[in-house]
Structures are given as C-alpha cells and as structure tokens.
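Enquirer: missing the sequence, but the structure's below:
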C-alpha cells in the first residue's frame, strides 16, 4: 500500500500527462510496492480533479473483459474507469491526433441505462431490464504512461480511456442476440480486426453486471442515463495521423472516426 503522498505524486504525474499529451512515468515504476487498491484510488483522485476542472462523469468503461487480455495482464477479472462528458464523440468525428499521446481504437457496444443498477447480486437479466439502448461504438484508448505497463498502471490511468464514438443503429437490448453482434474493423480501407461480442465475458451485458456488483459494496450505483462501455471484442488498433478507423457492425450499422 502506498502513502497519501505517494498516491498524490502519481496523480500529479497523470494529470500532467493529460495536460501535455506526453507519457509520464508509470506508477509501478515509481512505486514497486503499489497495490490494485492504490491504483483505483489514484484513478478516482484523477477523476475528481477532472470534475473539479469542469468535466462531468457520464458513465464508466470496462476493460480486460476477454480471457486472453486477462491472462496477458495476469489478473482474473476485468477493470473499470470513468467516462467524461468531453470524451463523447459522434459518428464521423474528426479529432486532432495531437489530443492524444499514442491513441489506439477498439470496437465495443455501449449500454445506456433507463433504470439504476446496484450490486451485489446483479445478473445478466437485470442488466437487460435496466438498459434502454445498446449503441455500436468505437473506444479511443490512450496510455498516459510509458511501457512496459502493468495492470496497476492501466487501472491508475483510468483504463487508458480517452474517448467514445457513438453511432450505428442503436437497438433495444431484446431486439437482437447481443452475443452474436460482430464487427469488422478497418483502418482506412484495410481490415485490421474482426470479432464477436460474445468475446466479452460470454455476453456483453455480463460486463455491466460485473461493474454493478464491483461498485455496489462501496455504495455506488449505475445511474439512469449513464453510458457503459462493455469492453472490446478485438485487439486494439493503433491510430496514426490521417487515419480513418471504421467499425462495421453489420445490421447495427457502422461507426467511424478520423485522426487529423
């Protein structure tokens, strides 16, 4: 466990990277004794500082939802971070490449709630009942710390969350078998990745259930209107200046973002 001053130093470093778009030293290198609880405390403190600066939390992002990514990170559960109002983008958005350190992108499904969810005990069916819309999306991730990153670094860095592009054809949660939603992910005209949403814990709604149950013991509920990024079902794709990243979700339409 880290001291209050050690956590504050890590928070200051991450906020500086947010400001300058230059990767800073990873917390696990600064403090080898860091624990996962420290990482989440650092992430929360960075979020509070961003709120104090005028940004609004509009939901959460969930990561490491596939077995392969969990094995690579040497953990046995997903992680989570915060979504902020300034991170919400529309389909076809053109974003300055200089707004990021080293951006990557992933296709995901976003859940928008109409009813609150609070654990423990939240199940898949509870998530489907509480969901108003499921929206095809692209998440922009951007590590604000240097490699080689450990799970502590990713968690402290808000799960590398940097943006969410919403588009396609939003659907009701019972309108389609969400497990079978697929995505063909292009960089410019070249296919980079393909995948099925079943890669997210067997069903993407299970990621939302996991988060509700993770936060419930701390008195936190998922609120109506919150956006919930359920996790990627492909590997991340690096974005370069001038690239257009395009996710084709088949019957659910497509989403694109360009880095200018």
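Expert: Right, received. Where do you want to start? Keep in mind that what you see is a predicted model, and the values were worked out from it rather than measured. Residues are numbered from 1 along each chain as shown.

Enquirer: what is the neighbour count of residue 129?
Expert: Applying other Cβ atoms under 10 Å, we find 13 residues neighbouring residue 129. Glycine gets a C-beta too; all of them are placed from N, C-alpha and C.

Enquirer: all strands of this structure, in order?
Expert: 57-63, 79-84, 88-90, 93-95, 103-113, 131-142, 161-166, 182-187, 190-196, 227-229, 237-238, 244-248, 254-259 (DSSP state E).

Enquirer: name the helices or strands packed onto the longest one?
Expert: Other helices and strands packing on strand 131-142, by 3 or more Cβ pairs under 8 Å, 6 or more residues apart in numbering; DSSP states H and E, are strand 103-113, strand 161-166, helix 204-215, strand 244-248, strand 254-259.

Enquirer: nearest to residue 41, out of those?
Expert: The closest of the helices and strands packed on strand 131-142 to residue 41 is helix 204-215. By Cβ to Cβ, the value is 14.2 Å.

Enquirer: and the closest one with strand 131-142, angle?
Expert: Taking axes from the mean of the first three to the mean of the last three Cα atoms, to 10 degrees, one finds helix 204-215 and strand 131-142 inclined to each other by 80 degrees.

Enquirer: how far out from the middle of the chain is helix 204-215?
Expert: Between the centre of helix 204-215 and the centre of its chain there are 13 Å (Cα atoms, centre = their mean, to the nearest Å).

Enquirer: residues contacting that helix, please?
Expert: Here helix 204-215 makes contact (Cβ atoms under 8 Å, 6 or more residues apart in numbering) with 60, 62, 65, 77-78, 80, 109, 111, 117-124, 126-128, 131, 134, 173, 178-179, 181, 197, 200-201, 221-222, 228, 230-231, 233.

Enquirer: can you state the direction angle for that helix and strand 57-63?
Expert: Using the same axes, to 10 degrees: helix 204-215 against strand 57-63 is 110 degrees.

Enquirer: output the below-cut-off pLDDT ranges for the stretch 51-200 of the chain.
Expert: Flagging of the stretch 51-200 of the chain using pLDDT under 70 yields the residue ranges 68-76.

Enquirer: ok now do the residue nearest to residue 106 when sequence neighbours are not counted, which residues does it touch?
Expert: Once flanking residues are discounted, residue 106 sits nearest to residue 232: 3.6 Å by Cβ to Cβ, 6 or more residues apart in numbering. For residue 232, the contacting residues are 63, 65-66, 106-108, 139, 195, 200, by Cβ under 8 Å, 6+ apart.

Enquirer: give me that answer again for 7 Å
Expert: The contact partners of residue 232, by Cβ atoms under 7 Å, 6 or more residues apart in numbering, come to 106-108, 139.

Enquirer: and the two most separated of those residues?
Expert: 107 and 139 (8.0 Å).

Enquirer: tell me which of those two has more neighbours.
Expert: Remark: of residue 107 and residue 139, residue 107 carries more neighbours, 31 against 26, as counted by other Cβ under 10 Å.

Enquirer: wait, the more buried one touches residue 245, no?
Expert: No: taking Cβ atoms under 7 Å as the definition, residue 107 is not a contact partner of residue 245, at 9.0 Å.

Enquirer: what do these two both touch?
Expert: Shared contacts of residue 107 and residue 245 (Cβ under 7 Å, 6+ apart): residue 138.

Enquirer: and of the contacts of residue 232, the nearest to residue 56?
Expert: Nearest member of the contacts of residue 232 to residue 56, counting by Cβ to Cβ, is residue 139, at 18.4 Å.

Enquirer: about what we covered before: from the contacts of helix 204-215, which land in helices?
Expert: Residues of the contacts of helix 204-215 located in helices (DSSP state H): 124, 126-128.

Enquirer: export those residues as CSV, with columns for distance to residue 22.
Expert: Output for the ones in helices among the contacts of helix 204-215, formatted as CSV (distance: Cβ to Cβ, whole Å):
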residue, distance to residue 22
124, 41
126, 42
127, 38
128, 42
